[in-house]
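Asker: pasting a predicted model and its sequence here:
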Amino acid sequence: MSKIESLADLFEMVGCDVSYYDLGRNITKITPQQSVQFDRKQQAYPYPFRQHAWLACLLKKPNAKNIEEQGVIWFLKLPLDEAGCLNLGTRDHFIKTIVDKILHKGEEAGLSEALEDSPYVFKPDQERMASLHAILGKDLKQPPSQYFEQVVDYLSATNFQNSDEWQNLGLQGIAELACRVHESQYQALISKAVQYAVPQIVGPLCHALEHEVLPDELQALFIERLNNENDPLIVSSYIRAISRSELNDQVLLPLFALLGSLTECNDDQVHPIAALAAKCPHWLKQNPQLLRIVMEKLAHREDGYIAFKQVTAELSQHADTKPVLWNLLRSPHISQKLAQAVSHLFSETPRSLH
């Protein structure tokens, strides 16, 4: 057996072509060039999230004609080093465990059972799994599922908002609708759903849309809804839906309005702040004032700095936001409350951190 020095070598050994999708902050297809670069440690991993690479590896047997014949999808969570590159020691340990299993069980059994009991495996939640299958099916030019037709039929009805049929709709159909957002007839249905569907449909639809760059018309609709929505969970969902958009004044103004005062942060406001930190770090990097409002509000909460610590940890682990965050926290111009929160961050004993 030839020496195996990368993930690509491993997949070549088992006779599979591989396509990579990042499942960290959003679902994003990784280009062949990117995959070579991070696999060989020529470049940092392109989409770090919480100091890991969250990979969906679609293993394809040569000459496979459809998704059922693709083989398997491996979900790998591999740690990154301080430079944002794959930790090669961990990667090589992962490869060794896979090779050992395949050598003992044979290639076919090994491929399907190789990840059993592996510490490098993660399981996506139901929403993310539905979105991944929808995106894979579309990329592979497969027809949508029956659940898609049920969602389309429901939203096409004249008075669907008065029907209880939404309870019979599946996440898979909602995700398949979202990944067709650039097709005009489905964009119209999405717009209709956002305005009139029950929250149990709007929430998952927004979460599926966070993997897409929205058309301008739909982005404008979400911004308008931000100005008029009172439910903090739906507000958070709207932010997630437009999170891949560029930050501009049309987005900033409603964000500033809903965040409000620097010195107040009730439990309802934590939801949109969490959405901004988890899904929109590029916005916080681009607009330091938005970042300052977020951190000041969290520092003014009477919760023992719990939310402040969580958001600080999230943004500190992102290469884009780490420098601007620490520039803010070291600034002599922050409020006394924020300075106290920063001091608390560094003065905690190890016991209190657990």
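Answerer: Received, thanks.

Asker: okay, now Gln187: neighbour count?
Answerer: By other C-beta atoms under 10 Å, 17 other residues sit near Gln187. For every residue, glycine as well, the C-beta is placed using N, CA and C.

Asker: show me what contacts it?
Answerer: Residues near Gln187 by C-beta atoms under 8 Å, 6 or more residues apart in numbering: Val181, Pro215, Glu217, Leu218.

Asker: domain ranges for this protein?
Answerer: Domains of the chain are assigned by automatic domain parsing as 7-113, 126-353.

Asker: in CSV: these, plus distance to Pro119 and mean pLDDT.
Answerer: Formatted as CSV, those follow (distance: least, C-beta to C-beta, whole Å; pLDDT from 0 to 100):
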stretch, distance to Pro119, mean pLDDT
domain 7-113, 9, 86
domain 126-353, 20, 93
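
Asker: one step back: for the contacts of Gln187, which two are the farthest from each other?
Answerer: Farthest pair in the contacts of Gln187 (C-beta to C-beta) is Val181 and Glu217. Separation: 10.5 Å.

Asker: neighbour count for those two, which is higher?
Answerer: A count of neighbours by other C-beta under 10 Å puts Val181 above the other of Val181 and Glu217, at 22 against 11.

Asker: is it true that the more buried one touches Ile190?
Answerer: Yes - Val181 is in contact with Ile190 according to C-beta atoms under 8 Å; the separation is 5.9 Å.

Asker: what number of residues lie near Trp74?
Answerer: Trp74: 21 neighbours (other C-beta under 10 Å).

Asker: kindly provide the distance from Pro119 to Asp249.
Answerer: Separation of Pro119 from Asp249 (C-beta to C-beta, to the nearest Å): 46 Å.

Asker: just give the number of residues close to Ala188.
Answerer: Neighbour number of Ala188 under other C-beta under 10 Å is 14.

Asker: give me the buried positions along stretch 87-103.
Answerer: With burial defined by 16 or more other C-beta atoms under 10 Å, the residues of stretch 87-103 counted as buried are Asn87, Arg91, Phe94, Ile95, Thr97, Ile98, Val99, Lys101, Ile102.

Asker: could you find the closest non-adjacent residue to the fourth one?
Answerer: Setting aside the residues directly before and after it, Ile95 is nearest to Leu10 in space (C-beta to C-beta, 6 or more residues apart in numbering), at 5.2 Å.

Asker: got the contact list for the one you found?
Answerer: Listed by C-beta under 8 Å, 6+ apart, the contact set of Leu10 reads Ile4, Ile95, Ile98, Val99.

Asker: same list (these) but as a markdown table, adding distance to Asn162 and secondary structure.
Answerer: What follows is the contacts of Leu10, written out as a markdown table (distance: C-beta to C-beta, whole Å; DSSP: H, G, I helix; E, B strand; the rest coil):
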| residue | distance to Asn162 | secondary structure |
| --- | --- | --- |
| Ile4 | 60 | coil |
| Ile95 | 56 | helix |
| Ile98 | 53 | helix |
| Val99 | 59 | helix |
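
Asker: follow-up on the earlier one: closest one of the contacts of Gln187 to Glu165?
Answerer: If you rank those by distance to Glu165 using C-beta to C-beta, Val181 comes first, at 22.3 Å.
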